[in-house]
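Chemist: have a look at this prediction, sequence included:
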Amino acid sequence: MSFAQNENYETLIAEIKRCYAEDTKLPRSFHNEAMDLYKDFLYIGGMPEVVEQFVKTGNVELARIKQEEIIQAYFNDMSKYNKATEIPKVKLVVLKII
C-alpha cells in the first residue's frame, strides 16, 4: 500500500510519534505499513517533483515518467555548460549514479 493510496496515514504518523516519544516498538502492522512506504520512497527517490507526482496520483509509472523528464532536462542542460567532447563522459557518470 503506498502513501498516496493510504487514507489512514495520519494514524500511522501518530503511532510512529507515540512510539518514538515512549521509546517503544512500533506494532507489527504499523511497522509493515511504514516499511512499505519506505520502499515506495526508495523506489521513487527524493526528487521533489517526482515525489509530489507520486503522492498526488499514487501511480509509480507517472512518477517514473516525471523522473525521466527531469533527467532528460539535465542532459539537455549539459550542452550549455560542457564542451561537446565532455558531454558523453558526464552522461555516463550521471547514468551510473541514477
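Modeler: Thanks, I have the structure now.

Chemist: pLDDT wise, what is Gly58 at?
Modeler: pLDDT, Gly58: 86.

Chemist: same deal with the one 4 residues further on?
Modeler: As summarised for this prediction, Leu62 has a pLDDT of 93.

Chemist: helix, strand or coil for the residue lying farthest from the centre of the chain?
Modeler: Centroid-distance maximum for the chain: Thr85 at 32.4 Å, with CA atoms, centre = their mean. Judged by DSSP: H, G, I helix; E, B strand; the rest coil, the three-state class of Thr85 is coil.

Chemist: and it, backbone torsions?
Modeler: With angles defined as degrees, to the nearest 10, Thr85 sits at phi -70, psi -20.

Chemist: that one and Glu61, how far apart?
Modeler: Thr85 sits at a distance of 36 Å from Glu61 (criterion: CB to CB, to the nearest Å). Backbone N, C-alpha and C define where each C-beta goes, glycine included.

Chemist: buried residues, the longest helix anywhere in the chain. List them.
Modeler: The single longest helix within the chain, with elements called by DSSP state H, is helix 60-81. Using 16 or more other CB atoms under 10 Å as the test for burial, helix 60-81 gives Ala63, Arg64, Lys66, Gln67.

Chemist: so, low pLDDT: which residues of the protein?
Modeler: 1-7 (pLDDT under 70).

Chemist: with that, I have no additional questions.
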